[in-house]
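Peer 1: Okay, predicted coordinates and the sequence, questions at the end:
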Amino acid sequence: MAFQHPQQHPQPFQAYGYCESYFVESHDDDDGLFARAAAEREKTRGVAKLRQKAFADELSRATAEEYQEDILDHMEHMEAETMPDIQSIEIQTEIQWFMRPYLLDFLLEAHHAFQLLPETLHLAVNLLDRYCSRRVVYKRHYQLVGCAALLISAKYGDRKERVPTIRELKSMCCSLYDDDMFTQMEWHVLQTLNWIVGHPTVTSFLQLALTEVSFDPELEHMSWYITELALYHKEFISVRPSVMARSALALARCILARPQPRYSDWSARYDPQVVLNLSNYLSQPSQALLRKYASAHLSSVSTTIEMFLQRQAVLAQRVVQAPINELPSMDIDHPTPANAYLTPTTPQKGGYPSVPAGVLTPPITPDKDYCGNTGYGINQGLLPHMNPCTPTPPPSVEHQHHMHFAAQPPPQYVQHPQYVQ
């Protein structure tokens, strides 16, 4: 092979053209020209994506505002069609209400472990309650129904990569059920509900209510906490999600000292009775719920509520323990007239004899069973017989004459017939 001079062949980057890779070996005379050009193109592409996303969000927002009333009406119609019947759950033969918190703790921890969306949990509980409203559920299958409801709700509205598998659910149930039992129960739940899975959850109405104000993550997390707390109590099952969302939002604003909107707004039309009932259960949360909302990415709302309850307890204690003697009192001094001995006075009764402790005070008007100093109701056996008081000696004749003279009115007040002309 004949020797060829290196200058007779073109450079490698000139032979194969331009390459967008960052791993192109640049020469001294290039000074990183291709790498900088590639970085500029990536930056321009990223800015274009951001602009496209902002334009899409603005277009979606404008469309949502146009159809928001229709969407809200449809959601309120759907929530009425997919509400469970609490009277039917009451007549269940095996499952009882005290079992519900244990199953909800399991579903809450599984939902948190798989990092599912908030509406997935509320939809799963709704499917569970609707199934229990139509079918007799045995105690040994109660947890299996809960797992099937969670699996259906995750498939319906959550991300595909986060949907739990049957093997994972079986492991969380300590292999209590076989793989086929999960599949059969999932099919049976769907068939019982006529394949109607869509249900407007509390989280959906919360999103509509929070779009009217600026973004406040702590307020949103506090509302999530209150709505998940309501899942544990049967009196909130019959409350519609739209009412529950607005009531929980009003209570969250009260706890966080956020201003309440005008009552004319849709988000401010809460139910005062529901708010009062929710506030009564704030001091009785589940431990699983406390652990979940104690994390920083959920704004540590469980700690915030604990501090709020402590402040409320201190304020209530101050009101209850306010001593009566610290109330302002006014002393009235009655001046004694100079001629007090000439002023007629109303005679006063003497003091009643003291009644021993534990004895009923006799009435002022005695009846036939009342004996002056011997007690009240002796014939009925209410009081023991008491000895009469020591008699007081009669006053002397001089003392009687003095008292008779002192009781006479002054001369200027006497109207005797012989002085009348």
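Peer 2: Here it is on my side, so go on. Keep in mind the model is a prediction, meaning the values are calculated, not measured. Numbers count the residues shown, from 1 in each chain.
Peer 1: Tell me the spacing between L72 and A245.
Peer 2: As judged by Cβ to Cβ, to the nearest Å, L72 and A245 stand 12 Å apart. (Each C-beta comes from the backbone N, C-alpha and C, glycine too.)
Peer 1: Which one's more surrounded, these two?
Peer 2: Neighbours were counted for L72 and for A245 using other Cβ atoms under 10 Å; A245 has more, 27 against 15.
Peer 1: Tell me how many other residues surround Y156.
Peer 2: 16.
Peer 1: Flag the helix or strand of this protein with the lowest per-element mean pLDDT.
Peer 2: Lowest by mean pLDDT, DSSP states H and E among the helices and strands of the chain is strand 375-376, with a mean of 38.
Peer 1: Would you mind checking the average pLDDT for the host helix or strand of L315?
Peer 2: Element membership for L315 (DSSP states H and E) is helix 301-320. Mean pLDDT, computed over helix 301-320, is 88.
Peer 1: same deal with stretch 39-52?
Peer 2: 88.
Peer 1: Could you do stretch 110-126 as well?
Peer 2: Across stretch 110-126, the average pLDDT comes to 94.
Peer 1: Could you number the chain from 808 rather than 1 from now on?
Peer 2: Sure, I'll start numbering at 808, so the last one becomes stretch 917-933.
Peer 1: Counting neighbours, which bits of it end up buried?
Peer 2: Going by neighbour count (16 or more other Cβ atoms under 10 Å), the buried part of stretch 917-933 is 917-919, 921, 923-933.
Peer 1: Helices - which of these land there?
Peer 2: Counting by DSSP state H, the members of these that fall within helices are A917, H918, H919, P925, E926, T927, L928, H929, L930, A931, V932, N933.
Peer 1: And stretch 841-860, what's buried?
Peer 2: Here stretch 841-860 shows F841, A842, A845 as buried, counting by 16+ other Cβ under 10 Å.
Peer 1: CA atoms only: put that stretch into PDB for me.
Peer 2: Provided in PDB are the C-alpha atoms of stretch 841-860 (Å, rounded to 0.1, in the frame of the first residue of the first chain):
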ATOM      1  CA  PHE A 841     -20.500  22.700  18.300                       C
ATOM      2  CA  ALA A 842     -21.200  22.100  22.000                       C
ATOM      3  CA  ARG A 843     -22.300  25.700  22.500                       C
ATOM      4  CA  ALA A 844     -24.600  25.500  19.500                       C
ATOM      5  CA  ALA A 845     -26.200  22.300  20.800                       C
ATOM      6  CA  ALA A 846     -26.700  23.800  24.200                       C
ATOM      7  CA  GLU A 847     -28.400  26.800  22.600                       C
ATOM      8  CA  ARG A 848     -30.700  24.600  20.600                       C
ATOM      9  CA  GLU A 849     -31.700  22.600  23.800                       C
ATOM     10  CA  LYS A 850     -32.400  25.900  25.600                       C
ATOM     11  CA  THR A 851     -34.600  27.100  22.800                       C
ATOM     12  CA  ARG A 852     -36.400  23.800  22.600                       C
ATOM     13  CA  GLY A 853     -37.100  24.000  26.400                       C
ATOM     14  CA  VAL A 854     -38.400  27.600  26.200                       C
ATOM     15  CA  ALA A 855     -40.700  26.500  23.400                       C
ATOM     16  CA  LYS A 856     -42.100  23.700  25.500                       C
ATOM     17  CA  LEU A 857     -42.700  26.000  28.400                       C
ATOM     18  CA  ARG A 858     -44.500  28.500  26.200                       C
ATOM     19  CA  GLN A 859     -46.600  25.700  24.700                       C
ATOM     20  CA  LYS A 860     -47.500  24.400  28.100                       C
END
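Peer 1: Spell out the residue ranges of the strands in the chain.
Peer 2: For the chain, the strands defined by DSSP state E cover 1177-1178, 1182-1183.
Peer 1: which residues of this protein score low on pLDDT?
Peer 2: Counting by pLDDT under 70, the chain contains low-confidence ranges at 808-838, 1070-1071, 1129-1228.
Peer 1: so what does the helix ranked longest in it touch, helix or strand wise?
Peer 2: If you go by DSSP H, the chain has its longest helix at helix 840-888. Counting contacts by 3 or more Cβ pairs under 8 Å, 6 or more residues apart in numbering; DSSP states H and E, helix 840-888 is packed against helix 1009-1017, helix 1048-1062.
Peer 1: For the stretch 958-1107 of the chain, which segments count as helices?
Peer 2: In the stretch 958-1107 of the chain, the segments counted as helices under DSSP state H, counting those that start in this stretch are 973-979, 986-999, 1009-1017, 1024-1037, 1048-1062, 1079-1087, 1094-1099.
Peer 1: Can you lay out those as TSV showing distance to L910?
Peer 2: Shown next, in TSV, are the helices of the stretch 958-1107 of the chain (distance: least, Cβ to Cβ, whole Å):
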stretch	distance to L910
helix 973-979	12
helix 986-999	14
helix 1009-1017	19
helix 1024-1037	14
helix 1048-1062	20
helix 1079-1087	21
helix 1094-1099	11
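Peer 1: Could you point out which of these sits nearest E886?
Peer 2: The stretch from the helices of the stretch 958-1107 of the chain with the least distance to E886 (Cβ to Cβ) is helix 1048-1062; that distance is 5.4 Å.
Peer 1: what residues does that closest one touch?
Peer 2: 882-883, 886, 929, 1007-1013, 1016-1017, 1026, 1029-1030, 1033-1034, 1037, 1043, 1046, 1065-1067, 1073-1078, 1081-1082, 1085-1086, 1111-1112, 1115 (Cβ atoms under 8 Å, 6 or more residues apart in numbering).
Peer 1: Taking those, please make a PyMOL selection of just the buried ones.
Peer 2: Filtering the contacts of helix 1048-1062 down to the buried ones (16+ other Cβ under 10 Å) takes a single PyMOL command:
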select buried, resi 882+886+929+1007+1008+1009+1010+1011+1012+1013+1016+1017+1026+1029+1030+1033+1034+1037+1043+1046+1065+1074+1075+1077+1078+1081+1082+1085+1086+1111+1112+1115
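Peer 1: Export the helices and strands packed on helix 840-888 as TSV, with columns for distance to Q1124.
Peer 2: Formatted as TSV, the helices and strands packed on helix 840-888 follow (distance: least, Cβ to Cβ, whole Å):
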stretch	distance to Q1124
helix 1009-1017	34
helix 1048-1062	19
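Peer 1: So for C954, which of these sits nearest?
Peer 2: Comparing these under Cβ to Cβ, the one sitting nearest is helix 1009-1017, at 20.9 Å.
Peer 1: Who are the packing partners of the closest one?
Peer 2: Using 3+ Cβ pairs under 8 Å, 6+ apart: helix 1009-1017 touches helix 840-888, helix 925-939, helix 1024-1037, helix 1048-1062.
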